[in-house]
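Asker: Got a sequence here, can you build the structure:
(one chain, ligands or ions: 2)
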Amino acid sequence: MKYGIIGRNGRMGNEIYNLFSEKGHELVFSYDNTGEKFLEKPQVLIDFSLPEAFEKTIEYVDKFHCSLIIGTTGLSEIQLKKLHEIAQNVPVIQSYNFSLGIQVLLKLVKVANELLDDVDIEISETHHRFKKDKPSGTAKMIKKVIGKDVNISSLRLGNIPGDHTIYFGNLGEVISISHRALSRRTFAEGVLKSAEFALKTVAGFYTFQDVFEITMKR
Ligand SMILES: NC(=O)C1=CN([C@@H]2O[C@H](COP(=O)(O)OP(=O)(O)OC[C@H]3O[C@@H](n4cnc5c(N)ncnc54)[C@H](OP(=O)(O)O)[C@@H]3O)[C@@H](O)[C@H]2O)C=CC1
Ligand SMILES: O=C(O)C1=N[C@H](C(=O)O)C[C@H](O)C1
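Answerer: Ligands and ions are numbered 1, 2, ... in the order given. Down below sits the predicted model:
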């Protein structure tokens with residue numbers, strides 16, 4: 001496929017570029033703080049940058065009339081609403097976590113939350129020192145699944161790609177459900193699955209959960 005990246009030189013931009021190159025896909029467009037590099041119109045645009053770049057991303061999706069895969073965290077309600085608007089014209093796949101394991105974790109959390117009464121629930125997330133937003137988008141996603149006003153603790157340590165743990169504790173026992181990304185490649189693999197999905201689907205708003213349910217689950 002011919003694809004573009006917003007945030008090409010970032011940690012995720014690099015990881016995505018490396019994986020997509022290995023699979024024979026062609027980077028034809030990029031945009032970051034150094035400006036734009038245009039070779040050809042992309043079929044899919046991938047945004048892993050910061051919310052500050054969002055307006056440009058929307059402009060490019062309009063201009064190229066291409067699919068959008070967006071993993072940037074910390075988006076505002078207005079920005080999320082805008083994604084639903086453009087999804088009327090093109091496929092948009094948005095998620096705060098593109099790893100397969102987090103999809104499984106969300107299901108486990110839902111079960112624990114439904115089965116356990118009278119428990120204290122805490123979410124903990126740990127990320128590398130360079131991460132700009134706090135709490136992580138994934139922690140917010142987990143909180144939404146729990147549907148209660150749960151506390152989130154955030155640690156910023158060294159070079160950790162992304163750890164999330166949810167604790168369910170009562171007076172007799174504690175259950176903890178954890179996910180650890182061992183490298184950013186796991187996110188890039190989810191992005192590739194999403195880009196392949198985007199090429200085959202119709203306009204609409206999708207999450208990585210939709211991609212997981214439709215294409216990956218046995
Ligand atoms: N959904 C998921 O699965 C995951 C999401 N993320 C999210 O992805 C995003 C990027 O993470 P990461 O790669 O670690 O971050 P980096 O800081 O390494 O990279 C950010 C990239 O965005 C570019 N950028 C920043 N601001 C602007 C702007 N105003 N206009 C244009 N380009 C801009 C930077 O350009 P330049 O290099 O020129 O400064 C850089 O290329 C974050 O929001 C993070 O939370 C991360 C991992 C997984
Ligand atoms: O910034 C990161 O690195 C990550 N961000 C995402 C988030 O905020 O949840 C996903 C992942 O944990 C890595």
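Asker: so where's the protein shaky on pLDDT?
Answerer: Applying pLDDT under 70 to the chain picks out residues 217-218.
Asker: In contact with the residue in it that ligand 2 sits nearest to, which residues?
Answerer: Ranked by CB to the nearest ligand atom, the top residue of the chain for proximity to ligand 2 is G162, at 2.8 Å. All C-beta spots, glycine's among them, are computed from the backbone N, C-alpha and C. G162 makes contacts with 97, 99, 125-127, 136, 138, 180-181, as judged by CB atoms under 8 Å, 6 or more residues apart in numbering.
Asker: Among those, name the buried ones.
Answerer: Neighbour counting with 16 or more other CB atoms under 10 Å marks 97, 99, 125-127, 136, 138, 181 as buried within these.
Asker: of these, list those near ligand 2.
Answerer: Subset of the buried ones among the contacts of G162 in contact with ligand 2: 97, 127, 136, 138, counting by CB under 6 Å from any ligand atom.
Asker: pretty sure the third one is in contact with G71, am I right?
Answerer: In other words, S136. No. Using CB atoms under 8 Å, S136 is not in contact with G71; the gap is 11.8 Å.
Asker: any residues in contact with both of these two?
Answerer: Here S136 and G71 share the contacting residues Y96, scored by CB under 8 Å, 6+ apart.
Asker: Just give the closest residue to V28, not the sequence neighbours.
Answerer: E40 (4.0 Å; CB to CB, 6 or more residues apart in numbering).
Asker: Of the buried ones among the contacts of G162, which belong to strands?
Answerer: Members of these lying in strands (criterion: DSSP state E): 125-127.
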